[in-house]
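Visitor: Predicted model and sequence below, questions to follow.
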Amino acid sequence: MGELAADKHVKYIISVEKKKDSFESVVMEHLRLNGAYWGLTTLDILGKLDAVDEEDVISWILKCQDESGGFAGNIGHDPHVLYTLSAVQVLALFDKVDILDADKVSNYVAGLQNGDGSFSGDIWGEVDTRFSYIAICCLSILQRLDKINVDKAVEYIVSCKNLDGGFGCTPGGESHSGQIFCCVGALAIAGALHHVDKDLLGWWLCERQVKSGGLNGRPEKLPDVCYSWWVLSSLIMIDRVHWINKDKLVKFILDCQDMENGGISDRPDDAVDVFHTYFGVAGLSLLEYPGLKPIDPAYALPVDVVNRIFFSKK
Amino acid sequence: MSTSENSYSEAEALNLLAQLERILDLDPLIDEVGFIHPSQFATLKEEIGNSLSSEDKDHESTSFWIRDHKLGISTQILIPVYKAAKHAFISALRQYKTPGNFSGKFQDDSVAIEVMIHSKALLLLSCDFATAWNSRKLIVSNKQLLPILMDELRLSAVVLSHSPKSEQAWSHRRWVINMISRNCSTLQWIIERESELVEKIAERSKMNYRAWNHRCWLVSFMTREQVKVCCGTISGLFAIPQIHFGIHVLNELKQARNWSGLHVADNSCFHYHRRLMIWNLEGFCHIQDNNSSGYFVETYQVWKEELDWNESLIKRYVGREALWLHRRFLSLYLIKHIATHLLGVSCQSKPKASVDIDIDSLMDHELCLVHSCSTTVPNANFEEFQAQAIHSAAYMLWLTKQIPEYQGIDIQEKLRAGAGDISRMLKRSCPDRSSLWDYLVDYHSEP
């Protein structure tokens, strides 16, 4: 089995920002703040957050904030909760959440809660359990959960539960590992994991492991490194991670590395990107791979960062 | 992708954008867009012969290709056109939103038109550029005219022809349909077209979660009873029947089987069946009158039909996970919700229809099926038959664990009798999940 090429991944992540020559990278500029979260969290797990200029990152992030309090994916774009959480998470990595007007940001997020407890992603009203997770996670980091109706939020998430134990985007939506992570994560932060049938969901999740050791997101799909995060973190939160073969999963992730230029891809021999590099490294961290900072399965931030938020004397 | 962005000056990029926007303006019925490598242009041109008019400039014919409402854009020019479109869009939007303009009354329509033109070009190049979709919502919501809303559905469909997983394009459709549903009687006609669109896209884009999620969302607009819905016409754009039946959820289920039977690895299409069946069943909860038992008998028959159909697929397509997962749902739901409910109905009064649901014999049937699937292992296609054995065994164990105790000890006894053997078999053939199987063996050996 190959080893984790940590130094190469650090170099790869730093180089991604500078490479702007392909159409694929140019058309991703609207979600640059998500990219910053993926890249910087990977660096932090690898213990190399100091490889970037903190001042540059923070001043750029602040320029992405809209007057509503929400953040856009890049300067001049419209705000959305997807990028608001990334902004708060990246600031948390640098221990700079304090520079935000927490009430302003949390009012933006809380303002998107609907009467049934669900959350819209922005003013245009699309509802998705992903946005419930984002709202709960973001407000928890800002210590402003009291601004929303948490009971209603939980009630809505539970209404999206399927007979297979999984969760979809909206009531009646198909179970999907990404949505399951969001729902389980939100319930974990809200202290409402008792709503999850752990045996039933654990069974569905462990059936995501295919012969190669990789995990897929739904039945009959190909394995993909990103599900190392979504399936694995969910299994950890419901205490059923021993139902999969962890060694084979470690091997699968390591096989997806570009050993020459760094970065991790969705499957062995595919092209690498920062998204899969993050999920690969974060997955290995959950699997307690040596040399990596442990990551929190619900907040998707290094454990020391989460501890600093909730236990620091300020 | 190799690009030669630097070889295009700003003026050339603007010129390319103007050409693209002219093409979009001249042919409002474009229904498909794609990016084409320059080398493919020559082939395409040979195929159609020299049909380009003399007006076509040299590099227009190597940058864009259009025929039969299909638009091809050269990969060579993507970056310069994208940058020009983004720049033009952002400055038009900024102008649109400046306080003088943004009075809610929109005296200056020309700026709104600029935003619409540039955002359209931009979205064909960058499908999830949310700010561009949002700007269209903003402008459209100030007009509230059906033909304009229909244009939005068409643009979203063009974007989906190239990027069938575009979250923003699917979300835009839902926003538009919600707008239409507020004050329009053509909704049922639109819902039908939507359902067809998903099927068309699902054909080319396998196991597309976003597409099927959209179809599941449409279900809440479907009717559970056969009712007449009157429709108006959409001014001049489409010929729409004046009287139209809403989509009946059970008809839709029957229809959906045709497609799903040919795509047995696509878990999403079976989930769509589940969504339709539960939606239909939930209707029962709202009825609760004298007709309820008749309604319920119909539901039971729908369930039986689906189980039989599923069984025939399981036997024809050996070792398909999605088929077995669908069966888990069908059996459990039947036992947990329908059979108990129907028994409840027939306890209160004499059953109005003669449906005898014997859970015992249902379970016997399932045990038989599992037995036949887990023992016959021919030499050919060994992997498929091994998968069939694993899926069928896991199915039985799953059902055993899910069926609640109060259902009667008989079933539990029956299922548990073989559960230990099944667990051991699974441990042998599927050792990666041995902790789960161990856990279940312990679970079943509990008194």
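Guide: Perfect, thanks for sending it. Residues are numbered from 1 along each chain as shown, chains lettered A, B, ... in the order given.
Visitor: Please tell me I have it right and residue B:23 contacts residue B:66.
Guide: Yes: assessed by C-beta atoms under 8 Å, residue B:23 is found in contact with residue B:66 at 5.9 Å. The way it works is simple: take the backbone N, C-alpha and C, and place the C-beta from them, glycine included.
Visitor: okay, now residue 268: neighbour count?
Guide: Just so you know, I chose chain A. When counting by other C-beta atoms under 10 Å in any protein chain shown, one arrives at 15 neighbours for residue A:268.
Visitor: Switch to chain B, please.
Guide: So residue B:268, with other C-beta under 10 Å, has 27 neighbours.
Visitor: again, but for residue B:145
Guide: Residues lying near residue B:145 (other C-beta under 10 Å) number 10.
Visitor: Next: the one 5 residues further on.
Guide: Residue B:150 is surrounded by 18 other residues when neighbours are defined as other C-beta under 10 Å.
Visitor: May I have the strand or helix carrying residue A:138 as CSV, with CA atoms only?
Guide: Per DSSP states H and E, residue A:138 falls inside helix A:129-141. The C-alpha trace of helix A:129-141 is given here as CSV (Å, rounded to 0.1, in the frame of the first residue of the first chain):
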residue,chain,number,x,y,z
THR,A,129,-31.9,19.6,4.3
ARG,A,130,-28.4,20.6,3.3
PHE,A,131,-29.4,24.2,4.2
SER,A,132,-30.8,22.9,7.6
TYR,A,133,-27.3,21.5,8.4
ILE,A,134,-25.6,24.7,7.3
ALA,A,135,-27.8,26.9,9.4
ILE,A,136,-27.5,24.8,12.5
CYS,A,137,-23.7,24.3,12.1
CYS,A,138,-23.1,27.9,11.3
LEU,A,139,-25.2,29.3,14.2
SER,A,140,-23.7,26.8,16.6
ILE,A,141,-20.2,28.0,15.7
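Visitor: Kindly export the helix or strand just after it (C-alpha atoms) in PDB.
Guide: Counting by DSSP H and E, the element after helix A:129-141 in chain order, helix or strand, is helix A:150-159. In PDB, the C-alpha atoms belonging to helix A:150-159 read as follows (Å, rounded to 0.1, in the frame of the first residue of the first chain):
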ATOM      1  CA  VAL A 150     -34.300  24.400  16.800                       C
ATOM      2  CA  ASP A 151     -37.200  22.000  17.700                       C
ATOM      3  CA  LYS A 152     -39.000  22.900  14.400                       C
ATOM      4  CA  ALA A 153     -35.700  22.500  12.500                       C
ATOM      5  CA  VAL A 154     -35.300  19.100  13.900                       C
ATOM      6  CA  GLU A 155     -38.900  18.200  13.200                       C
ATOM      7  CA  TYR A 156     -38.400  19.100   9.500                       C
ATOM      8  CA  ILE A 157     -35.300  17.000   9.200                       C
ATOM      9  CA  VAL A 158     -37.000  14.000  10.700                       C
ATOM     10  CA  SER A 159     -39.800  14.500   8.200                       C
END
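Visitor: Show me where chain A dips below the pLDDT cut-off.
Guide: Scanning chain A for pLDDT under 70 picks out the ranges A:1, A:313-314.
Visitor: before we move on, the earlier item: what is the distance between the helix holding residue A:138 and the centre of its chain?
Guide: With C-alpha atoms, centre = their mean, to the nearest Å as the basis, helix A:129-141 stands 11 Å off its chain's centre.
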